[in-house]
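In: what follows is a predicted protein model with its sequence.
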Protein chains: 2
Amino acid sequence: MSIQYIHIFLFVLLFGTVFTLSCLEKRDTNLAQMIISMERAALDRWGKGDPWGYTAISAEGVTYFDTSTERRVDGLDALKKYYKTFEGKIRIDRYEMIDPKVQVHGNTAVLTFNLIDYETQEDGSLSKTLWSSTEVYSRIEGEWKIVHTHWSKPNSEQ
Amino acid sequence: MSIQYIHIFLFVLLFGTVFTLSCLEKRDTNLAQMIISMERAALDRWGKGDPWGYTAISAEGVTYFDTSTERRVDGLDALKKYYKTFEGKIRIDRYEMIDPKVQVHGNTAVLTFNLIDYETQEDGSLSKTLWSSTEVYSRIEGEWKIVHTHWSKPNSEQ
């Protein structure tokens, strides 16, 4: 192979690599945006007292922790039963999703963010709650679903 | 193809499928045991005031929440800086890892469990702390590392 062909070969290899990496990065960015949109849509419904936005995007084998679960909740049926107790009882005026981050590892995407919920109290004052949120999404049979959720309140002891 | 050959073909296909599924199940069981062992080894060191067992098995891009983090901790360097404040200050007599579960999705394994820490106080009494724990492990360049950690205390408001 002449030097000229080696140059062409190396150029094509370099171009191909850069193109592939750029496509992968774009795929991850698009996926991150999609995951965050799914989460926001479920959060919007949650804030109106409708927890079923979350169960609609949770997998059969979902596992779940929040500040009230003394033991992990296992499976979609158990989560539905637990969420039933929240139905119609939540009223969040608005929320702030702080610095959402999506870590993509193959067909799994770990979404993490802090959240501030703002809620108008009966006396007209505004209550503010800070949350830490973990949502592990995984692609199961072509669909992205939540396989694990963890909600906690930082500094809750202070 | 005669009926006899179809039977042999179907038998081989069925045997192959069962064998493959059995291998995959065994692989997941072995992986779950390995992940739980890694976590226990890090927990053992943590209970002796040594947080570096956790940083040794965390990825560069690890994200982290606990009850004291008002915002997510991003990256191994930031986590090391944060853990430095705990060094030599933790003394856990024993712990109980309750119902650890590993959900395997490709090269990602989500380990979840409740934990009870037992600690002898200065007056000789035993304090007991309940935790909910999420550890997302991922295989990065052939090594299983923690890519996300979330520790919280359920019922901390009650």
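Out: All right, it came through fine.
In: report the buried residues of stretch A:52-70.
Out: For stretch A:52-70, the neighbour count (16 or more other C-beta atoms under 10 Å in any protein chain shown) marks A:53-55, A:57-59, A:61-67, A:69 as buried. (C-beta placed from N, C-alpha, C; glycine too.)
In: typo on my end, it should be stretch A:98-117
Out: Going by 16+ other C-beta under 10 Å, stretch A:98-117 has these buried residues: A:100, A:102-105, A:108-115, A:117.
In: which one of the buried residues of stretch A:52-70 is nearest to B:Gln4?
Out: A:Gly61 (41.8 Å; C-beta to C-beta).
In: what parts of chain A come near chain B?
Out: Proximity of chain A to chain B (C-beta under 8 Å from any C-beta of the partner chain) is limited to residues A:61, A:63, A:65-72, A:74, A:98-99, A:101, A:103, A:105-108, A:110, A:112-114, A:130, A:132, A:134, A:136, A:138, A:140, A:147-148, A:150, A:152-157.
In: follow-up on the earlier one: export the buried residues of stretch A:98-117 as JSON lines, with columns for distance to A:Gly49, secondary structure and pLDDT.
Out: Formatted as JSON lines, those follow (distance: C-beta to C-beta, whole Å; DSSP: H, G, I helix; E, B strand; the rest coil; pLDDT from 0 to 100):
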{"residue": "A:Pro100", "distance to A:Gly49": "23", "secondary structure": "strand", "pLDDT": "98"}
{"residue": "A:Val102", "distance to A:Gly49": "27", "secondary structure": "strand", "pLDDT": "98"}
{"residue": "A:Gln103", "distance to A:Gly49": "31", "secondary structure": "strand", "pLDDT": "97"}
{"residue": "A:Val104", "distance to A:Gly49": "32", "secondary structure": "strand", "pLDDT": "96"}
{"residue": "A:His105", "distance to A:Gly49": "34", "secondary structure": "strand", "pLDDT": "95"}
{"residue": "A:Thr108", "distance to A:Gly49": "31", "secondary structure": "strand", "pLDDT": "97"}
{"residue": "A:Ala109", "distance to A:Gly49": "28", "secondary structure": "strand", "pLDDT": "98"}
{"residue": "A:Val110", "distance to A:Gly49": "28", "secondary structure": "strand", "pLDDT": "98"}
{"residue": "A:Leu111", "distance to A:Gly49": "23", "secondary structure": "strand", "pLDDT": "98"}
{"residue": "A:Thr112", "distance to A:Gly49": "25", "secondary structure": "strand", "pLDDT": "98"}
{"residue": "A:Phe113", "distance to A:Gly49": "22", "secondary structure": "strand", "pLDDT": "98"}
{"residue": "A:Asn114", "distance to A:Gly49": "23", "secondary structure": "strand", "pLDDT": "98"}
{"residue": "A:Leu115", "distance to A:Gly49": "17", "secondary structure": "strand", "pLDDT": "98"}
{"residue": "A:Asp117", "distance to A:Gly49": "13", "secondary structure": "strand", "pLDDT": "96"}
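In: biggest separation within those, which pair?
Out: Farthest pair in those, by C-beta to C-beta: A:His105 and A:Asp117, 29.1 Å.
In: closest point of chain A to chain B, which residue?
Out: A:Ser152 (3.2 Å; C-beta to the nearest C-beta).
In: how close does that residue get to A:Tyr5?
Out: Separation of A:Ser152 from A:Tyr5 (C-beta to C-beta, to the nearest Å): 60 Å.
In: between these two, which is the more surrounded one?
Out: A:Ser152 (25 against 9; other C-beta atoms under 10 Å in any protein chain shown).
In: show me what that one bridges to in the sheet.
Out: Per DSSP bridges, the residues bridged to A:Ser152 are A:Ser132.
In: pretty sure A:Thr149 sits in a strand.
Out: Yes: using DSSP: H, G, I helix; E, B strand; the rest coil, the secondary structure at A:Thr149 is a strand.
In: now do the contacts for it.
Out: Taking C-beta atoms under 8 Å, 6 or more residues apart in numbering or on different chains as the contact definition, A:Thr149 lies against A:Tyr54, A:Ser58, A:Val62, A:Thr63, A:Tyr64, A:Phe65, A:Asp66, A:Ser133, A:Thr134, A:Glu135, A:Val136.
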